[in-house]
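Asker: Would you be able to build a 3D model of this:
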Amino acid sequence: MKLIKHILKAKGHDAWTITPDEPVYNALQLMAEKNVGALVVVRNEEVIGVISERDYARKIILRGKSSRETLVREIMTSPAICVTSDKTVEQCLSLMTDKHIRHLPVVDDGKLVGVVSVGDLVKSIIGSQKELIRQLENFIQEHSSIT
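Answerer: Down below sits the predicted model:
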């Protein structure tokens with residue numbers, strides 16, 4: 001059973017953050033610069049929300065608002081749904097499916113230690129399945145040559 005801490009160890013612990021009082025435009029610039037689909041919103045190092053491209057599309061563009069005049073706190077998803085690094089990939093995928101979210105901040109002992117996306121988790125599951133298939137093929141080859 002793969003844990004979130006294993007995912008973070010492989011992909012890194014980078015978690016891009018922004019404060020709630022920044023303009024949405026700044027959040028979009030940072031997302032583009034870092035090639036990520038969401039940022040963790042923090043106040044005094046506490047995770048208070050998440051702002052995603054989806055928030056921008058649905059709460060700025062579709063409502064005719066300005067990303068330069070709207071603050072992150074006005075459109076972020078809050079409170080943030082977070083997990084600890086000892087959760088399993090399956091637990092996190094289930095949570096993401098139930099809550100209709102694509103990014104999960106990972107918080108251990110009150111400290112942000114990373115972010116996982118649905119893509120990270122799917123990639124992990126595919127990798128695990130490929131390894132299982134390889135092991136089964138080896139097992140079959142070893143046992144078919146014995147008989």
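Asker: only C-alpha atoms for contact and neighbour calcs from this point on.
Answerer: Will do.
Asker: Buried residues in stretch 113-131, which are they?
Answerer: By neighbour count on 16 or more other CA atoms under 10 Å, the buried set for stretch 113-131 is V113, G114, V115, V116, S117, V118, D120, L121, S124, I125.
Asker: Out of the residues you listed, name the ones that lie in strands.
Answerer: V113, G114, V115, V116, S117 (DSSP state E).
Asker: wait, which of those residues is closest to P23?
Answerer: V115 (21.8 Å; CA to CA).
Asker: all strands of this structure, in order?
Answerer: Ranges of strands within the chain are 17-18, 38-43, 46-52, 103-108, 111-117, based on DSSP E.
Asker: Partner strands of the last one and their direction?
Answerer: In this case it means strand 111-117. The pairing partners recorded for strand 111-117 under DSSP bridges are strand 103-108 (antiparallel).
Asker: Just give me how far the partner strand sits from the chain centre.
Answerer: How far strand 103-108 lies from its chain's middle: 7 Å, per CA atoms, centre = their mean, to the nearest Å.
Asker: Just the helices from the protein, written as ranges.
Answerer: Here the chain has its helices, by DSSP state H, at 4-11, 24-34, 53-56, 72-75, 89-99, 118-144.
Asker: rank those helices by mean pLDDT and give me the bottom one.
Answerer: Among the helices of the chain, helix 118-144 has the lowest mean pLDDT, at a mean of 82.
Asker: which other helices and strands contact it?
Answerer: helix 4-11, helix 89-99 (3 or more CA pairs under 8 Å, 6 or more residues apart in numbering; DSSP states H and E).
Asker: try it again with 10 Å
Answerer: helix 4-11, helix 89-99, strand 103-108 (3 or more CA pairs under 10 Å, 6 or more residues apart in numbering; DSSP states H and E).
Asker: So for R43, which of the helices of the chain sits nearest?
Answerer: Taking those one by one with CA to CA, helix 72-75 is closest: 10.6 Å.
Asker: before we move on, back to that, and the ones in strands among the buried residues of stretch 113-131, which is closest to V41?
Answerer: Nearest to V41 among those: V115, at 11.9 Å, using CA to CA.
Asker: show me what contacts N26?
Answerer: With contacts defined as CA atoms under 10 Å, 6 or more residues apart in numbering, N26 is in contact with I18, A32, S67, R68, L71, V72.
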